[in-house]
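Visitor: how would this look folded up:
(one chain, ligands or ions: 2)
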Amino acid sequence: MATETQRTIRAGIVGYGNLGRSVEKLVQQQPDMELVGIFSRRDSLETETSVFPVAQASEYADQIDVLFLCLGSATDIPEQAPGFAENFTTVDTYDNHTLIPQHRKAMDEAAKKGGNVALISTGWDPGMFSLNRTMGEAFFPKAQQNSFWGTGLSQGHSDAVRRVEGVKYGVQYTVPATDAIEAARAGKGENINKYEAHERRCYIVAEESEHERIRETIVTMPDYFEPYKTEVNFISEEEFLRDHQGMPHGGRVITTGDLEGSRATIEYSLDLEANPDFTAAVQVAYGRAAARLAAEGRTGAVTVLEVPPYLLSPTSLDELVERDI
Ligand SMILES: NC(=O)C1=CN([C@@H]2O[C@H](COP(=O)(O)OP(=O)(O)OC[C@H]3O[C@@H](n4cnc5c(N)ncnc54)[C@H](OP(=O)(O)O)[C@@H]3O)[C@@H](O)[C@H]2O)C=CC1
Ligand SMILES: N[C@@H](CCCC(=O)C(=O)O)C(=O)O
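Guide: Ligands and ions are numbered 1, 2, ... in the order given. Next comes the predicted model:
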């Protein structure tokens, strides 16, 4: 429960896709948040929430404590996120791991310029998995650690394929090798290469004349696809709309190691019926932390590794200590 002394956090959303819709419904369930509106590139959206043109977002800077950036990572976030960070305290789920240091630098500069906090790369991977990788490594003199994703629909990879010209509809499923997961659990993960331990399966709707170009663009796309083994399947619109509407996902971070005489294994796993709902749940909790950090005068980019856990919760620290420690 929010205490009476806690101010309501006024939230905004940029981008109304899968993630934006999930953030909307979850913000509405928070005891200490109110949703001011959604900023979109589209003129109208199917929602009861107020919708504003994204081009006018900066005019609402004084009315919003935290802005949830629910844009795609492939192109939207690198192009637009620093602009928002200059005007708002932001929380994103940017997931191109290779480019996160670059994103952090750009967001740090922009947020410091505006006197804001930019909480970057929340969600589950990056996000909760990042936290678990860091904690797992910290506990062992020499840790053996592996991350696995799937089987499930990666929103980041699906966004990346939808950004390829000519793609009408597209999704990507990540499929892990089960024998690699077993090897990691048995402490034999040292030779597991993530690129060999996962396959990427795409289902795309596009004009037939475009198939070869689209396939080539996807399989050679750096970071998201190359050098993974990637299968690109072209299907009819009818089949797509019938078979590819769910977004389940999940995965695990497995860390094992020897503690000078005994072996220990940590497995953090997620089983998600709807990837956007869980990602949004994490993003919303970090939104609370971002607003609190900003209210304390912090500025610049902040990663999940730097946020004390109690700042995520609407429950007071005293109650958390009594209940959870
Ligand atoms: N860190 C993590 O663990 C995770 C991160 N993510 C990240 O979330 C990002 C967003 O994913 P997701 O919400 O699935 O992406 P979507 O493709 O659903 O949405 C991306 C943007 O596209 C626009 N859009 C959405 N639907 C339509 C439409 N029908 N017509 C035109 N434009 C549309 C929206 O902007 P607008 O309203 O302005 O048109 C929206 O913000 C991913 O790229 C991924 O990186 C996701 C899951 C986990
Ligand atoms: N960032 C992912 C979540 C992690 C899963 C993943 O990286 C993958 O399936 O490859 C997503 O956008 O769904």
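Visitor: list the contacts for Pro82?
Guide: Pro82 makes contact with Ala106, Met107, Glu109, Ala110 under the criterion C-beta atoms under 8 Å, 6 or more residues apart in numbering. C-beta here means a position set from N, CA and C on the backbone, and glycine is covered the same way.
Visitor: scratch that, Ser147
Guide: Neighbours of Ser147 in contact, by C-beta under 8 Å, 6+ apart: Asp125, Phe129, Arg133, Lys194, Gly251, Arg252, Val253, Ile254.
Visitor: Show me what it bridges to in the sheet.
Guide: Beta-bridge pairing for Ser147 (DSSP bridges): Val253.
Visitor: re the thing from before, can you lay out the contacts of Ser147 as a markdown table showing neighbour count and pLDDT?
Guide: Below are these laid out as a markdown table (neighbours: other C-beta atoms under 10 Å; pLDDT from 0 to 100):
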| residue | neighbour count | pLDDT |
| --- | --- | --- |
| Asp125 | 22 | 98 |
| Phe129 | 20 | 98 |
| Arg133 | 20 | 98 |
| Lys194 | 13 | 97 |
| Gly251 | 23 | 98 |
| Arg252 | 20 | 98 |
| Val253 | 24 | 98 |
| Ile254 | 25 | 98 |
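Visitor: what kind of secondary structure is the residue of the chain positioned farthest from its centre in?
Guide: Farthest-out residue of the chain from its mean C-alpha position, per C-alpha atoms, centre = their mean: Gly261, at 37.8 Å. Secondary structure, DSSP: H, G, I helix; E, B strand; the rest coil: Gly261 is coil.
Visitor: so which residue of the stretch 51-200 of the chain comes closest to ligand 1?
Guide: Of all residues in the stretch 51-200 of the chain, Gly123 sits closest to ligand 1, at 2.5 Å by C-beta to the nearest ligand atom.
Visitor: Looking at the residue of the stretch 201-325 of the chain found nearest ligand 1 now. What's its pLDDT?
Guide: Proximity of the stretch 201-325 of the chain to ligand 1 (C-beta to the nearest ligand atom) peaks at Thr279, 3.8 Å away. As predicted, Thr279 sits at a pLDDT of 99.
Visitor: likewise Glu4?
Guide: pLDDT at Glu4 comes out at 43.
Visitor: quick one on the thing from earlier: as a markdown table, the contacts of Ser147 with distance to Gly37 would be great.
Guide: Listed next are the contacts of Ser147 as a markdown table, based on distance: C-beta to C-beta, whole Å:
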| residue | distance to Gly37 |
| --- | --- |
| Asp125 | 29 |
| Phe129 | 31 |
| Arg133 | 36 |
| Lys194 | 39 |
| Gly251 | 33 |
| Arg252 | 37 |
| Val253 | 36 |
| Ile254 | 42 |
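Visitor: ok, now which ones touch Ala57?
Guide: Gly12, Val14, Phe39, Leu67, Phe84, Asn87, Phe88.
Visitor: ok, 6 Å please
Guide: By C-beta atoms under 6 Å, 6 or more residues apart in numbering, the contact set of Ala57 is Phe39.
Visitor: where do the strands sit along the stretch 51-200 of the chain?
Guide: For the stretch 51-200 of the chain, the strands defined by DSSP state E, counting those that start in this stretch occupy 51-53, 66-69, 90-91, 117-119, 143-149, 152-153, 169-176, 198-205.
Visitor: Save those as a markdown table, and put in mean pLDDT and distance to ligand 2 too.
Guide: Shown next, in a markdown table, are the strands of the stretch 51-200 of the chain (pLDDT from 0 to 100; distance: least, C-beta to the nearest ligand atom, whole Å):
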| stretch | mean pLDDT | distance to ligand 2 |
| --- | --- | --- |
| strand 51-53 | 98 | 24 |
| strand 66-69 | 99 | 14 |
| strand 90-91 | 99 | 15 |
| strand 117-119 | 99 | 16 |
| strand 143-149 | 98 | 4 |
| strand 152-153 | 98 | 6 |
| strand 169-176 | 98 | 3 |
| strand 198-205 | 98 | 7 |
